[in-house]
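K.L.:
just coords:
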């Protein structure tokens, strides 16, 4: 798993995640190129996928400690 991809708004994204107690593991642009898909891990060791657009995280899917399910969702989100 790649730790970080270049995204337009990376510093703001990482700062916002840190305030939520979340570590971003991977980010990739969606096919539309207008938003980013995020795979992250919470301070409770739970995995989450989010859509990041307009400087905010949206549409979170939480997977407990199941990295396989989170990774699959991350790859399928467009």
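P.N.:
Alright, I've got the coordinates. None of the values given here were measured: they were computed from a predicted structure.
K.L.:
Would you indicate which residues of stretch 57-68 are buried?
P.N.:
57, 63 (16 or more other CB atoms under 10 Å). In short, each C-beta sits where N, CA and C put it, glycine included.
K.L.:
go on, stretch 39-46?
P.N.:
39, 40, 41.
K.L.:
would CSV of those residues with pLDDT and secondary structure be doable?
P.N.:
Shown next, in CSV, are these (pLDDT from 0 to 100; DSSP: H, G, I helix; E, B strand; the rest coil):
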residue, pLDDT, secondary structure
39, 96, strand
40, 96, strand
41, 96, strand
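K.L.:
Of those, just say which sits nearest to residue 74.
P.N.:
Distances from residue 74 to the buried residues of stretch 39-46, taken as CB to CB, are shortest for residue 39 (4.2 Å).
K.L.:
Model confidence score at residue 32, please.
P.N.:
What the model reports for residue 32 is a pLDDT of 75.
K.L.:
Contact partners for the closest residue to it other than its chain neighbours?
P.N.:
Take residue 32 and drop its neighbours on the chain: the residue closest to it by CB to CB, 6 or more residues apart in numbering is residue 78, 7.5 Å away. Residue 78 makes contacts with 30, 31, 32, 37, as judged by CB atoms under 8 Å, 6 or more residues apart in numbering.
K.L.:
Thanks again, I'm all set now.
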